[in-house]
Each structure stands twice: as C-alpha cells, then as structure tokens.
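[1] What shape does this take:
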Amino acid sequence: MSKTVLLITFCLCYLTFQAQSKDSVTVNFKLLFDHKPMEMNQSYVTVNNDTVTISAFKCYVSDVAVQYADQTVYKEKNSYHLLDSENPNSMQVRLPKIKEKAISKVIFNIGIDSLTNTSGALSGDLDPTKGMYWAWQSGYINLKIEGQSPSCKTRKQQFQFHLGGYLPPYNALRRKVIPVTITDDNTINIGMDLAIFLAEVNLSITPTVMTPGKTAMELVDISTKMFYSE
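    As a prediction, this is how the structure comes out:
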C-alpha cells in the first residue's frame, strides 16, 4: 500500500472519529479514594483510621440516561454495564449526543432490575462468568468491593461486600440522578469514591456481607453516596 493511500485512510479514520465524538458523549466512571484516583492494592486510610487496600471492585449500572436542559430525556436501550476495576475500558459508557441541546443530568440505576434478575443467566456484561451472579433465587450482585484491613477479624484480614437482591423487602436496586457538566472533549466524569462508602462501615464489626438482607440494604443505601459529578 502506498504512502498516499495510507495517508488518505488515516485522514478518513480521523475525520470519522471526530464526527462520532461530536455526536456522542462519554460518561467516564472514575474510581476514587478521598477525591483522588484510587490504585488497586495500594494502602489508604479511612476517616475511621482503618488502613485498607482494595483488591476488587465491580458494579452494575443500568438504564443509563441523560436529561437535557429542556427536560427531555434520552434513554439507552438494553442498558447494562459492568464497571470492573480490572478492565479500564468498562468504566466508559458512550451515549449519543444532540449537539443543539445541553445535557444537565446523568441518570442511572445502581444494579440490575427485578425483571432481568428473573430472566435467568444472560450474556454480555450479564454473563455469569463475570462473577456477579449468585443464582436464580438471589440473582445478580449489584456491587462488589473486596480488600484487606488489619481492622478485620477475619481470615487474612479480608473484607468482602457483595451487595444485591431483588425480592422485597430486600430489593437492592437504587436510582441515581446526578447534575453534570461536560468537558471540552464531550466527557462527563462521574466519581465513585470508596472512601465515602468505607467511612460509614465498621470493618471490625461488619467485615463481610455476602447475601441479601437488612445489613446489605443499609450498605446499598450508603453506596449511593459514592457517586458524584467530578
């Protein structure tokens, strides 16, 4: 292939990318600790003076939508995304953008709805091999946080929070509405700050929650505070 053909191909690809960028917005979910980028397996200190290291983070966001300044809403179809700390690409959700309208809010569910939970094991981000599916009785794990802390009186000082459930009274699905601004490169940054979550968890008393129930619902409510416009 000649240099001229390669140059033309590159230019076409670049122009296509630029056009797509103008017609879309990327919702960028950022894993944070105390408002700063968080690194896995690094030590951090919570406001409770617990030294913690996070080894795993996974979270489902679903029914992602954007609300425009004129109150109209765009809702993504078949909207299920698994945010996984081991897969940086999973932290970005691209949505169409109407250039004549200003986006004012991002709306999404934290977790998986009851209808999807009762549909059985599915594919894609909902595939059970992703490690976020208990069984048909309990359904999907909405949020998973794992790590270690000397404050935990458990084997290897581990803490494990697998939060989910869809059957009343322990329905773990939560709706989040976040006012946002868009950067010059059409990106909306949503922080997920684990320091906020761990600030309200007593690791010496509650180091492990692995099933739906009252404690899981309390932690689910706390987890919604982690998400904010960054």
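[2] any idea where the helices of this protein begin and end?
    In the chain, the segments counted as helices under DSSP state H are 3-22, 114-117, 194-198, 214-223.
[3] just wondering, since we're on the nearest residue to residue 228 once chain neighbours are set aside, how far is it from residue 36?
    Leaving out its chain neighbours, the residue that sits closest to residue 228 by C-beta to C-beta, 6 or more residues apart in numbering is residue 191, at 5.3 Å. Every residue, glycine included, has its C-beta placed from N, CA and C. The gap separating residue 191 from residue 36 is 10 Å, by C-beta to C-beta, to the nearest Å.
[4] Which one's more surrounded, these two?
    residue 191 (20 against 12; other C-beta atoms under 10 Å).
[5] who are the neighbours in contact with that one?
    Residue 191 sits next to 30, 32, 35, 226-230 when contact means C-beta atoms under 8 Å, 6 or more residues apart in numbering.
[6] From the residues you listed, list the buried ones, please.
    For the contacts of residue 191, a neighbour count by 16 or more other C-beta atoms under 10 Å gives the buried set as 32, 226-228, 230.
[7] Show me the two of those residues that sit farthest apart.
    226 and 230 (11.4 Å; C-beta to C-beta).
[8] Against which helices or strands is the top strand by length along the chain packed?
    Counting by DSSP state E, the longest strand found in the chain is strand 51-68. Contact partners of strand 51-68 among helices and strands, from 3 or more C-beta pairs under 8 Å, 6 or more residues apart in numbering; DSSP states H and E: strand 24-33, strand 43-45, strand 73-75, strand 80-84, strand 92-96, strand 103-110, strand 139-148, helix 194-198.
[9] Pick the most buried one from those.
    Ranked by mean neighbour count, these are led by strand 139-148 with a mean of 24 (mean count of other C-beta atoms under 10 Å).
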